[in-house]
Structure formats: C-alpha cells, structure tokens
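Asker: Here is a sequence together with a model predicted from it:
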Amino acid sequence: MADSSCSSSNYATPVLDVGMLHWGIPTPATIQSKFISTSYDSETGASDILYNLRYQYQTSDNKRYTGRASVKPSAYQRVHEGDTVIVYYLPRLPRWSTLEAFQAVSSRSPFLIATLLTLIGWISALGFISYIILPVIQSITARST
C-alpha cells in the first residue's frame, strides 16, 4: 500500500485542491483514522493545532493509496472512522489526492475573488462608457449634423 505523497489541506494548498477538483478523478475513500497534531513555525514561534484525517482510496487501475488531509475542526467532528467520503486524485500522479467534502469556500476563494473583481471591473467600465464616453460621442455627433 502506497502512502500519499501529498498532504491535502484546506489552509495550505487551495490552488492544488481546486486543481484536483477540476482535473482529478473522483473515487470513494474510507476514513482509516483521525488524529490531532501540532505544527510549529520556528520563524514566528507560532503553533497550530491540526485536525487530520487519514483515508484510503483505490484508483481506476485497482491500486490502493493512503492520503491525509488537515480539515477544519467542525469537519473533524462530523467524520468517523469507517465513513466513506469522495476524494479526487490526479490520473498521472495518483498518490496526490484531496477530499471533496472538505473543500470549503477558502479553497475556492481565490477564484471567487478573481471573478468578483472581474465583475467590478466590467461594471466600472460600463459606467465609464455610459457616463463619460457616450455623452462626448453624442455631443460630437450633434455638432457634425
């Protein structure tokens, strides 16, 4: 049994997680264990409590892999050993996986923010065109006729 070389996390790898959901293959996985760990940042001295789930999944070529994901405390409380969840894995790198159910808005927020800013840009451009450019064009057109 191979162990996942990628630790999925809602907090550390939002772009990777969203990419997994987009290009990955969904498959059922079984929660093998739950455990709490602590991470320590030697530069800042800060420590965090991590709520981890270890899961096992099988790829389309019948190989089994084990993955680990750090999840929010609320998700950690809801899931129990033996529960079935959906994971996504990359076809060319099947050891890399992410849990579908725990992809919160935080994982999608970079894309949501980009979409929101794009919409704001278009609305601003339309406002600029309708309040500045169109009156100028109308006045030029009125003078030439």
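Answerer: Sure thing, it's come through.

Asker: Do a quick rundown of the strands in this protein.
Answerer: Using DSSP state E, the strands of the chain run over 2-9, 25-40, 47-58, 64-71, 84-89, 97-99.

Asker: Out of the ones you listed, which gets the lowest mean score?
Answerer: Between the strands of the chain, the lowest average pLDDT goes to strand 2-9, which shows a mean of 38.

Asker: Please name the bridge partners of Thr30.
Answerer: Gln56, Thr84 (DSSP bridges).

Asker: need the contact list for it.
Answerer: Tyr55, Gln56, Tyr57, Gly82, Asp83, Thr84, Val85 (CB atoms under 8 Å, 6 or more residues apart in numbering). C-beta: built from backbone N, CA, C; applies to glycine.

Asker: I'd like to know how far the fifth one sits from Lys34.
Answerer: Going back to what we said before, that points to Asp83. Using CB to CB, to the nearest Å, we find Asp83 at a distance of 10 Å from Lys34.

Asker: try the first one
Answerer: Relative to Lys34, Tyr55 is positioned 10 Å away (criterion: CB to CB).

Asker: Could you report the pLDDT at Phe102?
Answerer: Here the pLDDT value assigned to Phe102 is 56.
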